[in-house]
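> Just a sequence and a predicted model for now, questions to come.
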Amino acid sequence: MSSTSTGIPTVNLSATIVDESTQTPIVGAKVCAYLHPELPCTMSDASGKFTEGLPENANTGVLIDMAGYGGVMAPLTTQTFPFTGLTIEMATTTQLTTYYGGGNSTYPEAGKGFVKVSFASSGAMQGGSTATLVPAGGKGPFYAGPTGTYDPAAGLTGTSSAGSVRYGSVPVSASIEADAQCANGATVQGQFGWANASTSKFGLPVVDGYETHVDFQCSNNG
């Protein structure tokens, strides 16, 4: 636990920011605490790593901005211990414009947010999984194909073969839920998202102009 000059008890989030396609580190990304402008922002270093203080015992997160990339909101429910060793992906604005445009959405879109839900199992992306937003809103789901790009064959009804799904043109909201179902076995909450009593759901904010990332871990059973 640490305390800033503002008197807010904080815990540290330490993570690495990488390019979604190449997995190379992103240097110089700006990282700020969500809804806490009184807390100092930081920048990712030469290895893409950063450490940012967040309010403890809170539904909070970080907003990440980098020239040429789409802004990311990474939500977290903090307690009194630090988060370490996490990875946050960013897609280029060109990639996002192409992805959402293929799904008959628009990126960027004034007054709207975006959501990306990812699934993993033992460190590998888990294909064949589904996710819905509660309440329903925006356009999608847009499921990803084997290369991570939008798969028109899956469209609005299929499942992801790359372990991710996106929603576009989502109304801005302080809190909605992502309801997930893994292809094999149980669905449990991962690191990014606000903790929920149901292990198949995560709370999240929808922030104007940002893509909120949530992730789920899938069992190997099934």
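All right, it came through fine. Worth saying up front: this structure is predicted, and the values here are computed from it rather than measured.
> Could you list the domains of the protein?
Here the chain is described, according to automatic domain parsing, as comprising the domains 2-67+79-90, 93-218.
> Of these, which shows the lowest average pLDDT?
When the domains of the chain are ranked by mean pLDDT, domain 93-218 comes last with a mean of 83.
> Could you tell me the end-to-end distance of it?
29 Å (C-alpha to C-alpha, to the nearest Å).
> picking that back up, can you check which of the domains of the chain gets nearest to M73?
domain 93-218 (4.3 Å; C-beta to C-beta). For every residue, glycine as well, the C-beta is placed using N, CA and C.
> Please dump the domains of the chain into JSON lines; it should also carry distance to M73 for every row.
Shown next, in JSON lines, are the domains of the chain (distance: least, C-beta to C-beta, whole Å):
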{"stretch": "domain 2-67+79-90", "distance to M73": "6"}
{"stretch": "domain 93-218", "distance to M73": "4"}
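> Which residues are in contact with the residue lying closest to S173 once chain neighbours are set aside?
Residue nearest to S173 in three dimensions, not counting chain neighbours: V206, with 4.6 Å by C-beta to C-beta, 6 or more residues apart in numbering. Contacts for V206 (C-beta atoms under 8 Å, 6 or more residues apart in numbering) come out as 113-115, 170-173, 176, 212.
> just to revisit the earlier point, most tightly surrounded among the domains of the chain?
Greatest average neighbour count among these goes to domain 93-218 (a mean of 19), per mean count of other C-beta atoms under 10 Å.
> how close does the residue nearest to S173 sit to D45?
Relative to D45, V206 is positioned 29 Å away (C-beta to C-beta, to the nearest Å).
> just G138 next, same as before
Distance of G138 to D45, computed by C-beta to C-beta: 34 Å.
> Next: D179.
With C-beta to C-beta as the criterion, D179 and D45 are 36 Å apart.
> Okay, and the beta partners of A74?
With DSSP bridges as the criterion, A74 is bridged to V62.
> Oh, that last question was meant for V165, not what I typed.
Beta bridges link V165 to V117, Y143 when assigned by DSSP bridges.
> wait, it sits on F142?
Yes - contact criterion C-beta atoms under 8 Å: V165 and F142 qualify, at 6.7 Å.
> Please, where are all the helices along this structure?
Remark: helices assigned in the chain by DSSP state H are 93-102.
> re the thing from before, mind putting the contacts of V206 in TSV, distance to D19 included?
What follows is the contacts of V206, written out as TSV (distance: C-beta to C-beta, whole Å):
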residue	distance to D19
G113	21
F114	18
V115	20
V170	24
P171	29
V172	27
S173	28
I176	27
T212	19
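> In strands only, show me the residues you listed.
For the contacts of V206, the ones inside strands are 113-115, 170-171, 173, 176, 212, with DSSP state E as the criterion.
> Closest to F192 out of these?
Distance to F192, by C-beta to C-beta, is smallest for T212 among the ones in strands among the contacts of V206, at 8.6 Å.
> residues in contact with V165?
116-117, 129-131, 140-144.
> which among the residues you listed gets closest to S200?
Of all these, S200 sits closest to A131, with 9.6 Å by C-beta to C-beta.
> The closest residue to that closest one other than its chain neighbours: what's it in contact with?
In space, and not counting its chain neighbours, A131 is closest to V117: 4.1 Å by C-beta to C-beta, 6+ apart. Contact analysis of V117 by C-beta under 8 Å, 6+ apart lists 131, 164-166, 178, 180, 214-216.
> All good on my end, thank you.
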